[in-house]
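> Test case, fold it:
(one chain, ligands or ions: 3)
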Amino acid sequence: MLQSLQALLRIKGYQVELATGGAEAIRKLQGGNFSLMLLDLQMPVIDGFEVQRFINEHAVPVEVIVVSGESSFSAVKDALRNGAYDFVRKPYVAEELLAAVGNCLEYHWQTRTLQQAELSLKESERMHRFMVNRSPNFIYTLDPQGIFTYTNDTVEDLLGYRPKELLGRHFSCIIHPHNADEIHRFFSEQRSMSRETEHIEVRLQVNKESDQVRCLDNHELIVELDAFGMYDDQPDGRRKFLGTLGCARDITARKHSEAQISYRAYHDLLTRLPNRILFDDRIQQAFAHARRHQQQFALLFLDLDRFKQINDSLGHAMGDRALQQVSERILGCLRAEDTLCRFGGDEFSLLLPDISCKENVAAVAEKILDAVRLPFLINEHEVRLSLSIGIALYPSAGETRETLLQSADIAMYHVKASGKDGYCFYSDAMSGSNSHFLAVERDMYLALEKEQFEVFFQPKVDPLSHRIIGMEALLRWRHPERGLVFPAEFISIAEESKLIVPLGDWVLRTTCEEIARWQGEGVPKLKISLNISSVQLEQDDFVSNFIGVLQEYGLSGDIFEIEVTEQGLMGSNGELVKKLHALREYGIAVAIDDFGRGYTSLSYLQNFPVNTLKIDRSFVREIDAERNNSCVVDAIAMMAKGLNLHMVAEGVETQLQLAYLRNLGCSEVQGYLYGKALPAQDTFNMLASRPIDGPHFIFPD
Ligand code: C2E
Ligand code: MG
Ligand code: MG
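Ligands and ions are numbered 1, 2, ... in the order given. The predicted structure follows:
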């Protein structure tokens, strides 16, 4: 029967294999890939039910048609319940059997295909889910009311919410308050329009409770949001809005670096203040605003006083800290609409828009000055600073950016010149005829800060032994463009602007430093002459300061002599006499410089504690061979003798002048004949090269 069945099926094109008995059937099922099994229920040892059990237990993908002589209804029912597809009674009718086989295989292929499809659908869903969850982007869906219906796992990394936590919540819970309005518009649009993709940048708020989030700062995440409306096409042709599918890409890092780049372009990184470029922009705005509303605004120039000293004594790092602290203090005095900017170095500028009167600006300036005067604590050092502030008002001090800046600058230097630590409004009187004066004054101020000054030394010689007995310290300005500038060009301006006070102090310190060095190198004791301006002498603390500096360098007073001009002594009061006495007590000698020039009253010579008269070089020049005398020089020599004062001469250029002065009893001589003023190092070298005994200069007879 088996053979005829096989023959029948083969005729129909099926591939058929035979198994005699349940055991062989099971073995073949294990090995092969069958679509259909014609199974007898009644078999010895292992019957058809057991084969079915095997099929079910191992989920063998094979259909079963029971072919059995078994006529009991219940056995057939059991077989069908066990999963058999159909039942064909034995002996079978060929057509009947072939029809059953055909149907069954048809069914088999259909279910297989379906299963396959289901499987691949599942697979593809799994794959998509995987992709969505592995996506670095935050992917979500919202219902028409804006409630989250799905979010991928990435949301946890980005926003610190687990997907579950967001489901059922309205999208607004993750929107940064700054973006609330625009984002709402963005989401609402979805409903009104049959819209395509939209694309915006928004800030999302992260879950503050989560420590999972790796956003950069401020608990915010900047994303680029793409959203699609999801619609269902209705039978009536309308589209029903189902919700939104969105994808948010984290662009925080990009935004931050973009922000940093533009921040760097417009800010000073040390103080985080706007730089010149941003400041210019603000000035333009201030102009536009002030013109439109016919208002005033103020431009202030602020410059730290003596900042270089801080830098030099404490180092640049501390100087930087000081600048930061100063800028913070200034900011503390300002309104939100004011702009403070660092122009570089220790220069700041400040824009005060919308000011009603000058007094308001003055009040701000005073507030700033007070704030900066309070001591600063920089790395445990207490540092005291002050500012000089120049103020230019629009429109009175200028109607363009350039003129205003220039006016504020001029006003600022005016403050510097008149003692610093203050403020001053620009006035027209400061420019014009005065402008050369101001330019020099400003340059000189900068020169002091930049250490462009130098002290030169000119020898003072004993005309009998030709030995150097002293040096006069003479100031020089090594100008970066103009070269070496002599005192005639700047001392009077420095005196007028009082810049001579810090300048003179600098000369004193520099000279002391040099002399102390020479002494350390074994140079024999020399008398050191310093020129002191009357403006310096007028300072209350002149004497204490002077002596203080000598002590600082460990130098005794008796090697110093100050040279004061007649003008310096004229019209002065009892205070000056006291000061000169105090200096004398400390061993410091006093000489009257340029003696004989234009002053008639000589009574001061009796009143002042003076040691020496230094004949002005214009009289020395008059000594010539022709007349073989010089009235003025003779007269001065007599006067010196009468008053018991030393007489010294400057500007000695010839042997004749030298001989003449020596005969008159001149004890010290200075002039090109012996040598011009030289830089400190050259002077030192010269001193070192001269003999210890014997003359320093030898002239041919
Ligand atoms: P002074 O105190 O009368 O200085 C002497 C000036 O004569 C110096 O000019 C010196 O270089 C110059 N001189 C010296 N020997 C000769 C010579 O043989 N022939 C000629 N023609 N000139 C000679 P310098 O250095 O240009 O100084 C000019 C003035 O500037 C000084 O006159 C002094 O009053 C003032 N000065 C210089 N340094 C200082 C300073 O540190 N402080 C103050 N307050 N004034 C200073
Ligand atoms: Mg002098
Ligand atoms: Mg002189």
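
> Where is the longest helix in the protein?
Longest helix in the chain, counting residues (DSSP state H): helix 94-134.

> In terms of secondary structure, what does that helix contact?
Applying 3 or more C-beta pairs under 8 Å, 6 or more residues apart in numbering; DSSP states H and E, we find helix 94-134 packed against helix 2-11, strand 36-39, strand 63-68, strand 86-89. Where you see a C-beta, it was placed from the backbone N, CA and C, and this is true even at glycine.

> mean confidence for the first one?
To tie it back to what came earlier, the one meant is helix 2-11. Here helix 2-11 scores 91 as its mean pLDDT.

> and that helix with helix 94-134, angle?
Here helix 2-11 runs at 60 degrees with respect to helix 94-134, directions being taken by axes from the mean of the first three to the mean of the last three C-alpha atoms, to 10 degrees.

> Please identify the buried residues of helix 2-11?
Residues of helix 2-11 classed as buried by neighbour count (16 or more other C-beta atoms under 10 Å): 5, 8-9.

> confidence score at the most centrally placed residue in the chain?
In the chain, the centroid-proximal residue (C-alpha atoms, centre = their mean) is L269; its distance is 0.9 Å. Note on L269: pLDDT of 89.

> can you check E220 too?
With respect to pLDDT, E220 scores 82.

> ok, now R195?
52.

> isn't A365 right up against Y423?
Yes: A365 is in contact with Y423 according to C-beta atoms under 8 Å; the separation is 3.9 Å.

> got any residues that touch both of these two?
300, 389, 391 (C-beta atoms under 8 Å, 6 or more residues apart in numbering).

> wait, which of the buried residues of helix 2-11 is closest to R53?
Distance to R53, by C-beta to C-beta, is smallest for L5 among those, at 23.5 Å.

> shouldn't the closest one be in contact with D40?
No: assessed by C-beta under 8 Å, L5 is found out of contact with D40, at 10.5 Å.

> In PDB, could you pull the C-alpha coordinates for whichever strand or helix holds C247?
Using DSSP states H and E, C247 falls within strand 239-250. Extracted C-alpha coordinates of strand 239-250, given in PDB (Å, rounded to 0.1, in the frame of the first residue of the first chain):
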ATOM      1  CA  ARG A 239      -6.800  64.700   6.700                       C
ATOM      2  CA  LYS A 240      -7.000  63.900  10.300                       C
ATOM      3  CA  PHE A 241      -4.100  65.100  12.500                       C
ATOM      4  CA  LEU A 242      -2.800  62.200  14.500                       C
ATOM      5  CA  GLY A 243       0.100  63.900  16.200                       C
ATOM      6  CA  THR A 244       3.800  64.700  15.600                       C
ATOM      7  CA  LEU A 245       6.800  62.600  15.000                       C
ATOM      8  CA  GLY A 246       9.900  64.500  15.900                       C
ATOM      9  CA  CYS A 247      13.700  64.100  16.000                       C
ATOM     10  CA  ALA A 248      15.800  66.500  18.100                       C
ATOM     11  CA  ARG A 249      19.500  66.600  17.400                       C
ATOM     12  CA  ASP A 250      21.900  67.800  20.100                       C
END
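
> list the buried ones in whatever helix or strand F287 lives in?
Assigned by DSSP H and E, F287 belongs to helix 276-293. Across helix 276-293, burial judged by 16+ other C-beta under 10 Å covers 278-279, 282-283, 286-287, 290.

> Nearest approach to L221 belongs to which of the helices and strands packed on helix 94-134?
Of all those, strand 63-68 comes closest under C-beta to C-beta, at 56.9 Å.

> Pull the contacting residues for V16.
Counting by C-beta under 8 Å, 6+ apart, V16 has contacts 5-6, 9-10.

> can you tell me which of the residues you listed lies nearest to V549?
So of the contacts of V16, ranked by how close each gets to V549 (C-beta to C-beta), first place is L9, at 126.0 Å.

> from memory the closest one sits against L105, does it?
No: in this structure, L9 is not within contact of L105 by C-beta under 8 Å, at 10.8 Å.

> returning to what we had before: for ligand 1, find the nearest of the helices and strands packed on helix 94-134.
strand 63-68 (119.7 Å; C-beta to the nearest ligand atom).

> Residues touching the helix or strand that that closest one is followed by, excluding its own?
Using DSSP H and E, the helix or strand that follows strand 63-68 towards the C-terminus is helix 73-81. Contacting residues not belonging to helix 73-81 are listed as 39, 41, 48-49, 52, 64, 66, 68, 70, 87 [C-beta under 8 Å, 6+ apart].

> what about stretch 54-71, average pLDDT?
Here stretch 54-71 scores 88 as its mean pLDDT.

> List the buried residues for that stretch?
Buried positions in stretch 54-71, judged by neighbour count with 16+ other C-beta under 10 Å: 54-55, 60, 62-68, 70.

> now, the most widely separated pair of the residues you listed?
Checking the buried residues of stretch 54-71 with C-beta to C-beta, the most distant pair is V60 and E70, at 22.1 Å.

> re earlier: what's the closest of the buried residues of helix 2-11 to ligand 2?
For the buried residues of helix 2-11, the minimum distance to ligand 2 (C-beta to the ion) is 136.7 Å, reached by L9.

> wait, doesn't P679 sit right on F456?
Yes: counting by C-beta under 8 Å, P679 does reach F456; the two are 5.8 Å apart.

> Of those two, which one has the most company?
Higher neighbour count among P679 and F456: F456, with 19 against 15, using other C-beta atoms under 10 Å.

> Excluding chain neighbours, what is closest to the more buried one?
In this structure, F456 finds its nearest non-sequential neighbour in A677, 3.8 Å apart by C-beta to C-beta, 6 or more residues apart in numbering.

> Look at the one you found and say how many residues are nearby.
Neighbours around A677, by other C-beta under 10 Å: 20.

> need the contact list for it.
Contacts for A677 (C-beta under 8 Å, 6+ apart) come out as 456-458, 472, 474, 476.

> give me that answer again for 6 Å
456, 458, 474 (C-beta atoms under 6 Å, 6 or more residues apart in numbering).

> what residues are up against the closest residue to ligand 1 within the stretch 351-500 of the chain?
Closest residue of the stretch 351-500 of the chain to ligand 1, C-beta to the nearest ligand atom: P487 (3.2 Å). Going by C-beta under 6 Å, 6+ apart, P487 touches L475.

> What separation is there between it and L374?
38 Å (C-beta to C-beta, to the nearest Å).

> what is the mean pLDDT for the longest helix of the chain?
Here the average pLDDT along helix 94-134 is 90.

> cool, and stretch 285-300?
93.

> In JSON lines, list the buried residues of stretch 54-71 along with distance to ligand 1.
Below are the buried residues of stretch 54-71 laid out as JSON lines (distance: C-beta to the nearest ligand atom, whole Å):
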{"residue": "F54", "distance to ligand 1": "119"}
{"residue": "I55", "distance to ligand 1": "118"}
{"residue": "V60", "distance to ligand 1": "115"}
{"residue": "V62", "distance to ligand 1": "118"}
{"residue": "E63", "distance to ligand 1": "120"}
{"residue": "V64", "distance to ligand 1": "123"}
{"residue": "I65", "distance to ligand 1": "127"}
{"residue": "V66", "distance to ligand 1": "129"}
{"residue": "V67", "distance to ligand 1": "132"}
{"residue": "S68", "distance to ligand 1": "134"}
{"residue": "E70", "distance to ligand 1": "136"}
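
> Worst mean pLDDT across the helices and strands of the chain, which element?
Across the helices and strands of the chain, mean pLDDT, DSSP states H and E gives its lowest value to helix 180-192, namely a mean of 65.
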